[in-house]
Every structure is written in structure tokens, then in C-alpha cells.
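Peer 1: A predicted structure for the sequence below; I have some questions about it.
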Amino acid sequence: MAPLILLAFILVPIAEIAVFIQAGELIGLWPTIATVILTAIIGTAMLRQQGIATLMRLRATVDRGEMPLREVFDGACLLIAGVLLLTPGFLTDAVGFLLLIPPVRFAIGAGIWHRMQQSGNFTVHSAPHPDPSQGQHRPDYPDQGPGPVIDTDYSVIDEEKDRTDQEPKN
């Protein structure tokens, strides 16, 4: 795996430079630079929108007591997409924009999951999920009642007594 990453770090910049040269010859220097900047701006806006939606789905999944596998995978894909979109280049932008498309992320995730199952090199352990409607709860999260508990020390203050103590003496 490490040699592939090293090879990518060498080949991707070379390929990006070649594409920049071709685009510069085809549409000119300034339109090429403007296109790269514009794709970064558009990609960042799309990334922000999808990131917020993914975070909301993740929270809803956790609130239901389910494991947020798809949401975590989507978040990882969006992180990679963000890095690729902010990296100057047409090839990295193309891959970054592809990762912003939910069906593409789903297909990649399904492919990775299938490959992991076929390899047999992993094991999934999970505990049964308690049913909140039955009043069950996880032992590591004690029942805290209907709302937040605020533990504090207090003392009763008699307002009338305080007022008489503060009156000026003649």
C-alpha cells in the first residue's frame, strides 16, 4: 500500500502539470487559472452543504442507537473530497467532485464492504441494542431522568433582612 501512495504522490503532480499545459494551450493562461479557482470555490460550497447534512444524519442515527457506519464513511469521503478540491488541478477536482455525489460514495462503500467480506480478514462484534421503549438502558449510561441534573450548594437569602442591614444609619 505504501508504494502505491508514493507512486501517486509522484504521478499525480506530473499528470496535473500535463493537464495544466494542455488547458493553457486550449483556453489560455488566465481562463485556466480562473477555472481552477472557481472549481475550488464551488467545491467548497458543495462540501459544506453535504458535510452539514451528513453530520445531521450521523446525529440522528446515533440518537436512534444505531451504528453510523454509512455516515462515518460519507464523512471520510467528504474529507478526502475537500482535500482534493482544494488541491489545484483538474484531475484532483474531478475526483473530488465525484466523491461529492452520494450514489458514487455509496457504490465505493459497497465495493469496499464487499471486498472486506470476501477477504475474511475482519470480524464484527456488536452488543445488542436496548429498546428505549421498554425502559432498557445501557449499563454504562445510568438513567439520568427526564432532563439535566444540576448539582449545587445553596443558601436561603432573606431579602427583607438584607434590606434592613443595608439601610444607612442616621
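Peer 2: Noted; the coordinates are in hand. Numbers count the residues shown, from 1 in each chain.
Peer 1: May I ask which helix or strand of this protein has the lowest mean pLDDT?
Peer 2: Ranked by mean pLDDT, DSSP states H and E, the helix or strand of the chain with the weakest confidence is helix 159-166, at a mean of 61.
Peer 1: Now do the contacts for the spatially most central residue of the chain.
Peer 2: With distances taken as Cα atoms, centre = their mean, the residue of the chain nearest its centroid is residue 75 (3.6 Å). Residues near residue 75 by Cβ atoms under 8 Å, 6 or more residues apart in numbering: 51, 54-55, 58. Where you see a C-beta, it was placed from the backbone N, CA and C, and this is true even at glycine.
Peer 1: which helices and strands sit right next to the helix ranked longest in the chain?
Peer 2: What stands out as the longest helix in the chain, according to DSSP state H, is helix 29-63. Applying 3 or more Cβ pairs under 8 Å, 6 or more residues apart in numbering; DSSP states H and E, we find helix 29-63 packed against helix 2-27, helix 69-86, helix 90-99.
Peer 1: can you rerun that using 10 Å?
Peer 2: Helix 29-63 is packed against helix 2-27, helix 69-86, helix 90-99, helix 102-119, with contacts defined by 3 or more Cβ pairs under 10 Å, 6 or more residues apart in numbering; DSSP states H and E.
Peer 1: Compute the inter-axis angle for the second one and helix 90-99.
Peer 2: If I follow you right, that is helix 69-86. 160 degrees (axes from the mean of the first three to the mean of the last three Cα atoms, to 10 degrees).
Peer 1: tell me the angle helix 69-86 makes with helix 2-27.
Peer 2: 50 degrees.
Peer 1: What's the mean pLDDT across helix 69-86?
Peer 2: Averaging pLDDT along helix 69-86 gives 91.
Peer 1: Give me the buried positions along it.
Peer 2: 70-71, 73-75, 77-78, 81-82, 84-85 (16 or more other Cβ atoms under 10 Å).
Peer 1: just the third one next, same as before
Peer 2: Across helix 90-99, burial judged by 16+ other Cβ under 10 Å covers 90-93, 96-97, 99.
Peer 1: Switch those residues over to CSV; also include pLDDT.
Peer 2: Listed next are the buried residues of helix 90-99 as CSV, based on pLDDT from 0 to 100:
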residue, pLDDT
90, 93
91, 94
92, 93
93, 93
96, 93
97, 93
99, 93
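Peer 1: And those, which two are furthest apart?
Peer 2: 90 and 99 (15.2 Å; Cβ to Cβ).
Peer 1: contacting residues for residue 33?
Peer 2: By Cβ atoms under 10 Å, 6 or more residues apart in numbering, the contact list for residue 33 reads 20, 23-24, 88.
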